[in-house]
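**Q** predicted coordinates and the sequence they were generated for:
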Amino acid sequence: MANKFDISIRAEQEYAVLETEGYLNDALGEQLSQKAQDLIEKGYTQLVINLANTALINSIGISILIEIIEALDEREGTLNFCGLSATQERTFRMMAIAKYAGIFPDEKTAVADFQ
């Protein structure tokens, strides 16, 4: 099985959405980190990461997500997650990621949190 991964970006005026597809490991994580950093450098401080098409996240993927949270925190920004599986949401809450980033059931509510 090929390790297919992709990231799509929808940048609006006030926020940007990054939608991942595939296993969030070092390869996809590095791409996600770079794309998030590019958006942050362009002035986006409100990001949503939609994980609806990402079934698995390993420890490297988690550490990269934490790096994105830290980068946004330095700019007084906000990161919201949506589309998490029940297992991913439990993991994020257990690891206290939910303390530093929002968790929402879908993209619409994740974006509405910014307004």
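**A** Cool, got the structure. Residues are numbered from 1 along each chain as shown.
**Q** what's near enough to touch the nearest residue to Thr20 once chain neighbours are set aside?
**A** Spatially, and ignoring its direct neighbours in sequence, Thr20 is nearest to Thr54 (4.6 Å; C-beta to C-beta, 6 or more residues apart in numbering). No exception for glycine: its C-beta is placed from N, CA and C like everyone else's. The contact partners of Thr54, by C-beta atoms under 8 Å, 6 or more residues apart in numbering, come to Thr20, Glu21, Gly22, Tyr23, Leu24, Leu28, Gly83.
**Q** mind redoing it with 7 Å?
**A** Thr20, Glu21, Gly22, Leu24 (C-beta atoms under 7 Å, 6 or more residues apart in numbering).
**Q** most widely separated two among those?
**A** The span of the contacts of Thr54, defined through C-beta to C-beta, is set by Glu21 and Leu24 at 9.7 Å.
**Q** out of those two, which sits in the more crowded spot?
**A** When Glu21 and Leu24 are compared for neighbours, Leu24 comes out ahead with 25 against 17, by other C-beta atoms under 10 Å.
**Q** where do the helices sit along the protein?
**A** Here the chain has its helices, by DSSP state H, at 26-41, 59-74, 86-94, 107-112.
**Q** show the contacting residues for the residue nearest the centre of the chain.
**A** The chain has Ile49 as the residue nearest its centroid, 3.0 Å off, counting by C-alpha atoms, centre = their mean. Residues in contact with Ile49, defined by C-beta under 7 Å, 6+ apart, are Leu18, Thr20, Leu79, Phe81.
**Q** for it, list each beta-bridge partner.
**A** In this structure, Ile49 bridges to Leu18, Phe81 when assessed by DSSP bridges.
**Q** hang on, the earlier thing: now render the contacts of Thr54 as a markdown table, adding distance to Gly43.
**A** As requested, those are exported to a markdown table (distance: C-beta to C-beta, whole Å):
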| residue | distance to Gly43 |
| --- | --- |
| Thr20 | 22 |
| Glu21 | 26 |
| Gly22 | 28 |
| Leu24 | 25 |
